[in-house]
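Chemist: Sequence first, then the predicted structure:
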Amino acid sequence: MRDSEIHADAARLVEIIRERSFSQGAEVKLASGRSSNFYFNMKPTMLHPEGATLIGRLVLAKCQALGAEMVGGLEMGAVPIATAVAIASHAAGSPLEAFFVRKEAKAHGTRSLIEGLTSGGTIAGRRVAIVEDVTTTGGSAMKAVEAVRAAGAQVVGIVTVVDRRKERRTVFRGRACASNRCSWRRLSAEVTGRPTLAL
């Protein structure tokens, strides 16, 4: 994608997130355990036809820049993102396989922690990008990083759609990036004045 297309897509995605996924006022508890008076529920954007398309194209551009061969992250937030990226990559003629990491291995069937792989398939030795919808502390992304590294993958980057700008940088640099030259990608585009679209 050309820079002008990326900026236009990002600007439109910010509008959709404001309309469909952002709220503020009452205090809510976040997945990180922290409380906040502003909240992003990204599902209405990720499951919206235009929102999903834009997320797919923008995250794909970042994954390609990182040299990723696969894209995925922790359920539930990463599932629609990884799916959108896989579809966008096929349409662009440079397919990236998608996967997701379960919060815990299921007790039946294959008992897999990492899903989306073919029977006998592996992510060992593959260059993977970890994605998530909203980042506060980076804890969810780090669970996915740890799981895929344990399976032998090389994590080349973390791409998040909305950055709440808390302790995430320290967490990613200290645990994800420093030892594996992993990088976190963001695009500065204000959603509310505090959080940013982080693609």
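Modeler: Arrived safely.
Chemist: ok, now which ones touch Met1?
Modeler: Contacts for Met1 (C-beta atoms under 8 Å, 6 or more residues apart in numbering) come out as 9, 57, 61. All C-beta atoms are positioned from the backbone trio N, CA, C, and that covers glycine.
Chemist: my bad, should have said Asn41
Modeler: Here Asn41 is in contact with 21, 23 (C-beta under 8 Å, 6+ apart).
Chemist: For stretch 63-82, measure first residue to last.
Modeler: 11 Å (C-alpha to C-alpha, to the nearest Å).
Chemist: just to revisit the earlier point, show the buried residues in the contacts of Met1.
Modeler: 9, 57, 61 (16 or more other C-beta atoms under 10 Å).
Chemist: Quick check: the second one touching Ile87?
Modeler: No: here Arg57 does not reach Ile87: they are 9.8 Å apart, not a contact under C-beta atoms under 8 Å.
Chemist: unless I'm mixing things up, Leu96 is touching Val85, no?
Modeler: Yes: Leu96 is within contact range of Val85, at 6.1 Å (criterion: C-beta under 8 Å).
Chemist: sorry, back to before: out of the contacts of Met1, which sit inside helices?
Modeler: Cross-referencing those against helices under DSSP state H gives 9, 57, 61.
Chemist: that older thread, show me which of the buried ones among the contacts of Met1 is closest to Gly152.
Modeler: Each of those was scored against Gly152 by C-beta to C-beta, and Ala61 proved nearest at 26.5 Å.
Chemist: For Val101, see how far away the nearest residue to the closest one once chain neighbours are set aside is.
Modeler: Distances taken as C-beta to C-beta, 6 or more residues apart in numbering place Met1 nearest to Ala61, at 5.0 Å, with adjacent residues excluded. Look at Met1 and Val101: by C-beta to C-beta, to the nearest Å, they are 27 Å apart.
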